[in-house]
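> how does the following fold in three dimensions:
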Amino acid sequence: MTKVKQKNVLGFFKKGVHRVVIATSVAEEGLDITQCNLVIRYLHVTNEIVRLQSRGRARAENSKYFVIAEKGSPTLDKEQKNKRCEEIMNEIVPELQEYLEKPENNWEKEMLEMQKVIKDKEDQMQRERTDNMSDDACEFQCMKCSSLICLSEDIRTIEGRHHIVINIEVNGRLKLKRGKPKFFGPDEPQVGGKIFCMKSDCQNELGTLCTYKDIVFPLIRLKLVRVVNKNGDGNKYKQWKQLTCRIQELSDDKFCSLVEERKMNLLL
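Just a heads-up that it's a prediction; the model follows:
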């Protein structure tokens, strides 16, 4: 049934043209029909929350709610359990509400203080990571064959999260396979396809492709590569924020120079 037909059916029911509406579980919540005075559920029981929502569809005064099920069936047992849960909830909620409204039980203030402590700790850890970062270039190598892919200075970030390789020479070390791009937004980079190690005896997957303002860049997937520092120590990372080498954001000036560089390569 289309939404237009659903709207018409509910309209007829509200006006009294229809006296009964038969619906699936979609009617358990969201329908506000003040004239409804009877809800019957046939062999359909879920949990105490849905039970409360279903009963709430009957808004008229002195309305009734029934469940039709075989005596002794699991459906009936579940409904009785839900009823007990609702009764317990009705006992607890008023006491809890009274407790929370007392000035001495200022739980909201405590929660905000806890969030601030966590946020301050995260900011401190980020500052420490930034202070420990080195401007020395690191090598990004294929995890499988250890061949060079690029240097850390060849990588830039877009919006702080898309790590692209801007050095056009890297195309000689990679095999590119285009694919259907995933769109994150109208003005955001498009990601799709795969990149592989160029070596014929390796062909290890290294990431994907990122199209930004009509320019295609290789996009490194960190967990698929090894990062080697100036001392020759290699490490595997899962998150870019764990790196000790600094990765710069792609500036507008740098992007314009990349566009001009690619235009010159096309003319050669």
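> C-alpha from now on. contacts and neighbour counts both.
OK.
> tell me the bridge partners for the closest residue to M143 other than its chain neighbours.
Leaving out its chain neighbours, the residue that sits closest to M143 by C-alpha to C-alpha, 6 or more residues apart in numbering is V225, at 4.7 Å. V225 has these beta-bridge partners by DSSP bridges: C142.
> burial of the nearest residue to C145 once chain neighbours are set aside, as a residue count?
Nearest residue to C145 in three dimensions, chain neighbours excluded: C202, at 6.5 Å (C-alpha to C-alpha, 6+ apart). For C202, the count of nearby residues is 15 (other C-alpha atoms under 10 Å).
> pretty sure C202 contacts S146?
No: C202 is beyond contact range of S146, at 9.9 Å (criterion: C-alpha atoms under 8 Å).
> ok so V50 is a helix residue?
Yes: checked against DSSP: H, G, I helix; E, B strand; the rest coil, V50 lies within a helix.
> A60 is in contact with V39, isn't it?
No: the criterion here is C-alpha under 8 Å, and A60 misses it with V39 at 10.9 Å.
> neighbour-wise, which of the two wins?
Taking other C-alpha under 10 Å, A60 and V39 do not tie; V39 has more neighbours (19 against 14).
> would you quantify the distance from that one to V170?
Using C-alpha to C-alpha, to the nearest Å, one obtains 67 Å as the distance from V39 to V170.
> now R156
From R156 to V170 the distance is 14 Å (C-alpha to C-alpha).
> more neighbours: which of the two?
For R156 versus V170, the count of surrounding residues by other C-alpha under 10 Å is larger for R156: 23 against 17.
> which strands and helices sit next to the top helix by length along the chain?
Longest helix in the chain, counting residues (DSSP state H): helix 74-101. On a contact count with 3 or more C-alpha pairs under 8 Å, 6 or more residues apart in numbering; DSSP states H and E, helix 74-101 meets helix 48-55.
> after the worst-scoring helix or strand of the chain on mean pLDDT, next one along is what?
In the chain, the helix or strand scored least confidently by mean pLDDT, DSSP states H and E is strand 182-183, which has a mean of 66. Following strand 182-183 in sequence order, the next helix or strand is strand 190-197 (DSSP states H and E).
> pull the CA atoms of that next one into CSV?
The C-alpha trace of strand 190-197 is given here as CSV (Å, rounded to 0.1, in the frame of the first residue of the first chain):
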residue,chain,number,x,y,z
GLN,A,190,34.6,10.2,-4.2
VAL,A,191,36.2,6.9,-3.2
GLY,A,192,36.1,3.8,-5.3
GLY,A,193,38.3,1.2,-7.0
LYS,A,194,41.4,-0.5,-5.7
ILE,A,195,45.2,0.0,-5.9
PHE,A,196,47.7,-2.9,-5.9
CYS,A,197,51.5,-3.4,-5.7
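> what pairs with it, and is each one parallel or antiparallel?
Its sheet considered, strand 190-197 pairs with strand 174-177 (antiparallel), strand 182-183 (antiparallel), strand 205-212 (antiparallel) by DSSP bridges.
> starting at the chain centroid, how far to it?
21 Å (C-alpha atoms, centre = their mean, to the nearest Å).
> what's the mean pLDDT across it?
Strand 190-197 carries an average pLDDT of 91.
> residues making contact with it?
Under the contact criterion C-alpha atoms under 8 Å, 6 or more residues apart in numbering, strand 190-197 has outside partners 142, 173-184, 203-212, 218.
> separate out the buried members of those.
Neighbour-count burial (16 or more other C-alpha atoms under 10 Å) is assigned, among the contacts of strand 190-197, to 142, 173-176, 203-212, 218.
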